[in-house]
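Chemist: pasting the sequence and the predicted model now:
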Amino acid sequence: MSHEFHWGFLIVLYLFLAGLSAGAFATSGLANYLGSKKYELIGRVGAYIAPFPVSIGLALLLLDLGRPFRFWRLFVTIRWTSPMSIGSWLLVIFVTLSLIYFFLWLPDRIRNLVRLPHSFRHLFRASTWTPLKAEEVRRWKLIIGGIGFPVSIGVGMYTGILLGAIPARPFWNTPMVAQLFLFSAMSSGVGTIIFILALISHQKISFDECMLLNSVDAALITFEIFLIIPFILHQSLATWSHKESVALIMGGPYTYYFWIGVVFLGILFPLSLEVVELWHIVVKKHLLCRRINLGVFSGAAVIIGGFILRFVFVYAGQASHFLPVY
Amino acid sequence: MKRNNKDSDEIQYSMSRRKFLGLSAAGAGAAVAAGSGFDQLQAYAAKYGDVVRPTIQNGEVYSLCEMCVWRCGLVAKVRNGKITKLEGNPHHPHSRGKLCPRGQAGLGVTYDPDRLKWPLIRVGKRGEGKFRKVTWGEALDYIAEQMLAIKKKHGPEAMVFSTTHNLLQQQFENLLGAFGSPNYGTQRSLCFNSMITANMLTYGFEEPGRDYKDTAYIIYAGRNLMEAISNSETQDLVEAIANGAKVVVLDPRFSKTAARATDWIPIRPGTDLAFFLAMIHEIIATDLHNKEFVEKYTFGFDELAKEVKKYTPEWAEKECGVSAETIRRVARDFAIAAPRAFAHPNWRTSNFVNSFQTERAIAVLNSIVGNWNKVGGQCPIFGEGEGAGLGSIPQPPYPRSRALRLDGVPYKYPLVPLKLGIFQNLRDAMLTGKPYQAHGWFIYRQNPLSSIPERRKTLQAMAKLDFITVIDVIMNDTAYYADVVLPEATYLERYDPLTVLDGNIYIRQPVIEPLFDSKPGLWIFKELGKRLGLGDYFQYKDEEDYIQAQLRPLPITLEKMKEQGMYVPFEKKEESIESTVFNTSTGKIELSSTLLKRLGHKSVPHWLAPPRPTEEEFYLLTGKVALHTQFFTQNNKLLSDLFPENPLWIHTSAAAQRGIKDGDEVYVESRVGKVKTKALVTEGIRPDCVFMVTGFGHFSKGMRTAFKNGVSDSDLHQTFTDPISGGQALTQTFVKVYKA
Amino acid sequence: MAQKRFAFVIEIDRCIDCKACMVACSVENNVPVGHHRNWVKQIGPNGTYPILGMHFEAGNCMHCTNPPCERVCPTGATYRRDDGLVMINQDICIGCKYCIEACPYDARYFNEETGTTDKCTGCVHRVYRGEEPACVATCIGNSRHFGDINDPRSEVSELIAKNKYYTVYEEAGTHPAVYYIYRGERSNEP
């Protein structure tokens, strides 16, 4: 029996989009915590992005199911040994939180159209419901951001655990996958924020914001390098099946995708751009992005690289298998 | 797809560009067909207003398989009008409760969406695939009209009848005899004429049986029991091997039987004769033959001994490429193991012109070690056939036919039994018009356009005929070229005459009612017979009446017979060595054949050098695979899913020389044809040989799954006929192979 | 009475690669054309002409004691019965195909018609009627065996007790319940 490719493009897209949303939310929550005024632009863009990619991804996921209308069966049980079961629950929580968070970040005019009860006593007396006050909004942003941060980490990581839990696919069967996907998710989220800000408000972005975004992303990307190195080393030094599986990206059909798409485009290229920007900020003390909008390129590169990483892993993993001894 | 214009009843077979639910090389996962074709048939019937009739019962029905000539007993499970599963009948000696893959796939024939559904009369040119759907009355009237016209104008002998071994053969021969034509074509000469003729001349009967249960040593020369599966015999071989029997396989190819054997001897094709002659020499020279047996039961030993003196193992080594040491070893081991040893008579023995002598040598080899009717040796076969006191239906005697047979039997081939004939000669006679021109061909359950070598010649021969009619269950290649095509009910939908096996009587009965407008052969022959004015020869009312007549002398009713599937008579004939009748003129096993001598041939087995290919040519080997039965099964999705094409086996070194890699497209060219196919590069074949499975390369657009899958060996095979047994020499065709 | 534990035993020497087991299974279980619940792998020809060997390894779902498919199923559709057979509840399966990725033996397939994943069921519907699984019943070489390995007198128990056996992909930790007995090529005399 040969293994066919059962998970295809829809799954790749979903993994990417879920990770992206998680990264956007986490960045927004972090930025808001570190300084709601100082990093306001980051917080806002992140909050606006967060609910949508994951929702599209979930729709794609539903389409990929053999029986989409049975999806509710995922939510009448929790199977602790199944990363997919845990992940489904995490996603439900995450989407809910990100939607609330989105609501909180809406411009006052629009947010004030919604009236909410103050306390449980007022729950059934609709006439007492009022729009949220600024202080409440600030508080709730911190609370939701705080609860949502670990949930985002969970969402970012579980996609890697999903793959890593399968010994039958040696390419995936390493703890590195969960970390790699997590950092890739976070960096995709930051990268998207960089990209959008660079596109629409690279004149308005503040010194601090530019510094935060670039340094966080640069750090995440650098960590990715130190995940890829042990990933390749450990696969090559493990069993024969593992060794052959990593050959898929070391001379095999996914080599170019991995080294050009993921390593160069997703890591080295944006890293160098971000280092340049940071150098200008730290040493030369001026914002390069006012003159040359590097953010567009570094952001786009990170996004594309993140997507190709999911693509390589989903496909190469399915191509890898235990090798028979004869 | 088959477009059926409801107004005009015209049917045009064509292929849309994407093969219908094709299992193309692109991969299985893509196209999804309904599990069995039943759903497609139902949908078709609903659309075109035909009736797919419901079953006659829920439950289990005993019947007989027809996926190959072994005819295993089966149990068919039916539920809600549909046959859901076929299993082996545990009480039938050929199946013993098991069915081979083709037997299991039998419902793929009944539920094949491409199966013939109504009688068809051609409207376009032959080979265009344009037919008109007609009623049975119209079709049979037309056939009778044409046949009688030929009879009137050219004599009944101008009508050729041909069929392949089947349970209705007796009624087919009845039709042919009643009509008055001597021209009876079976496919035997493409298969085992040489084996049967050699055995008839040696033992006086057709085929010795083999006792696998206690045997210690078996020699096969090409018989590939693990791929050319004969259910019970294959089971026996596996058991024998498990019990420690040594198995020697002479085969230029590393078949699956060779893989499970003790010794695989990759012998040069055509030289098995040298091997066996050297074995006989060695056994006699070392005094290991069974002198007592030879003295008592054989004739002509001295003459044999004199002939084989020159066939030393050293001589044989030069001819067949097998070391003299190996020949000596096998000879010694065989003789010492005897009588618990046998050299299998094999089956398809239409390989070389010298195959007849090879078969004689094998029969002689068995005889000089005295394994007849000994435990672990050879034994009488209680074969299939009439007998066991079955009743019959009264009919007048046949008219005498004064005409010569077109195939030259027996005037040119006095040793060929009439019921075997020489099929390829029949085709050649149609082409040449000598000794007289044939004008019609009545074909039942056979596909001569794919089986007779040199397909283009068969097409030319058919072009010379005024009328061709085919009865079949699927639009096979020959039916595609016919004038009238009649749909027979498949074996799961009909009665056939009772058969006798191992002394017991077995029934084939319908598991479900015939689907669409198909009819059983018994009905077709009777109705046709009536219209030909031969009604007296078919004096049964219907199929059940026929079976009743067969059962009349026996104390069992039809209902009971149907319920049990079989009847075990109380008296059974036992045969022992003393009561074996060797039907030769000496009454003994003839090592030296008196009949051969009388006709001026050498009477003992002797060496005839086979032709050899040139340096750039290969021997073209053909053979079977477990999943297919000749040309019959390629449209059966259950089987073609697992074995869709027949790539050409070629040895690694030969392929490398020609720059051919595994999977490359290659041309295979013989002196009479050329085909393009895929290469399968392997170590498992002699470097001077190439191999392909037979039965592929269908060009009938009425077989949508099989259409153009693989290639046909009949496009490549040249026609060679052994002058003594009439057997074809299929491996004497040499081919060139080069990259496409 | 001791708890049943069903298992397959396959005698490799007896397999002739006829694939009757594959056709019988497909017909018995309505498997769509193009998919298979079981298989026969050809190993060889090994060696160099004319010293060659070849054998055949039949297989199906291993009904593992430690099944990775059951672990990863998010709805609980895949479950392991007390008698050891691993089954899929076709009413619950949502067709996510995670289990297909998780199976090291490629024993599962996605049934496009039903939108769910399916696989060998050990012909449990036959077994509890007193019949053997379809593949075992029809095996021409008598190579496939099925039975209760917790019953010391069963055929499978005896075969396992008296012969050296191996299982496939033991490194996966699945503890499969298909045991292969291979006595090896019989040697020729010198």
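Modeler: Sure, I can see it. Residues are numbered from 1 along each chain as shown, chains lettered A, B, ... in the order given.

Chemist: buried stuff in the longest strand along chain B?
Modeler: When chain B is parsed with DSSP state E, its longest strand is strand B:674-682. Across strand B:674-682, burial judged by 16 or more other C-beta atoms under 10 Å in any protein chain shown covers B:Val675, B:Thr677, B:Lys678, B:Ala679, B:Leu680, B:Val681, B:Thr682. C-beta here means a position set from N, CA and C on the backbone, and glycine is covered the same way.

Chemist: start and end of stretch C:161-180, how far apart?
Modeler: Start-to-end span of stretch C:161-180 (C-alpha to C-alpha, to the nearest Å) is 12 Å.

Chemist: mind checking how far it is from the chain centre?
Modeler: Centre-to-centre, stretch C:161-180 and its host chain are 11 Å apart (C-alpha atoms, centre = their mean, to the nearest Å).

Chemist: same check, this time on stretch B:492-510
Modeler: 19 Å.

Chemist: restrict that stretch to CA atoms and write it as CSV.
Modeler: The C-alpha trace of stretch B:492-510 is given here as CSV (Å, rounded to 0.1, in the frame of the first residue of the first chain):
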residue,chain,number,x,y,z
LEU,B,492,-24.5,-16.8,-12.6
GLU,B,493,-27.8,-16.4,-14.4
ARG,B,494,-28.3,-19.7,-16.2
TYR,B,495,-28.6,-23.4,-16.1
ASP,B,496,-26.0,-25.5,-18.0
PRO,B,497,-26.0,-29.2,-18.5
LEU,B,498,-25.0,-31.2,-15.4
THR,B,499,-21.4,-32.1,-15.0
VAL,B,500,-19.7,-35.1,-13.5
LEU,B,501,-16.5,-34.7,-11.5
ASP,B,502,-14.8,-37.4,-9.4
GLY,B,503,-17.9,-39.5,-9.9
ASN,B,504,-20.2,-36.9,-8.4
ILE,B,505,-22.8,-34.8,-10.3
TYR,B,506,-22.8,-31.0,-10.0
ILE,B,507,-25.3,-28.4,-11.2
ARG,B,508,-25.0,-24.9,-12.5
GLN,B,509,-28.1,-23.0,-11.8
PRO,B,510,-29.2,-19.4,-12.0
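
Chemist: re the thing from before, tell me what the longest strand of chain B is packed against?
Modeler: For strand B:674-682, the elements it packs on are strand B:648-651, helix B:652-657, strand B:665-669, judged by 3 or more C-beta pairs under 8 Å, 6 or more residues apart in numbering or on different chains; DSSP states H and E.

Chemist: quick one: strands adjacent to the helix or strand following that strand?
Modeler: Remark: after strand B:674-682, the chain's next helix or strand is strand B:689-693, criterion DSSP states H and E. Here strand B:689-693 is paired, per DSSP bridges, with strand B:618-623 (parallel), strand B:648-651 (antiparallel).

Chemist: only the buried residues of the last one, if you could.
Modeler: For strand B:648-651, the neighbour count (16+ other C-beta under 10 Å) marks B:Leu648, B:Trp649, B:Ile650, B:His651 as buried.

Chemist: run through the helices of the chain in chain order.
Modeler: Because you didn't say which chain, this covers chain A. Here chain A has its helices, by DSSP state H, at A:9-34, A:40-49, A:51-64, A:83-105, A:108-111, A:134-164, A:176-201, A:207-237, A:240-246, A:255-256, A:269-282, A:288-291, A:294-319.

Chemist: hm, I was asking about chain C
Modeler: C:20-28, C:68-72, C:98-102, C:124-127, C:134-138, C:155-162.

Chemist: deepest of those, which one?
Modeler: By mean neighbour count, with neighbours taken as mean count of other C-beta atoms under 10 Å in any protein chain shown, helix C:20-28 ranks first of the helices of chain C at a mean of 27.

Chemist: and the strands in chain C?
Modeler: Secondary structure of chain C (DSSP E): strands located at C:6-11, C:38-48, C:51-60, C:78-80, C:86-88, C:109-111, C:116-118, C:144-148, C:165-166, C:178-181.

Chemist: and those as CSV, adding distance to B:Leu620 and mean neighbour count?
Modeler: Listed next are these as CSV, based on distance: least, C-beta to C-beta, whole Å; neighbours: other C-beta atoms under 10 Å in any protein chain shown:
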stretch, distance to B:Leu620, mean neighbour count
strand C:6-11, 36, 24
strand C:38-48, 20, 16
strand C:51-60, 21, 20
strand C:78-80, 51, 19
strand C:86-88, 48, 21
strand C:109-111, 38, 21
strand C:116-118, 43, 23
strand C:144-148, 36, 22
strand C:165-166, 40, 14
strand C:178-181, 37, 21
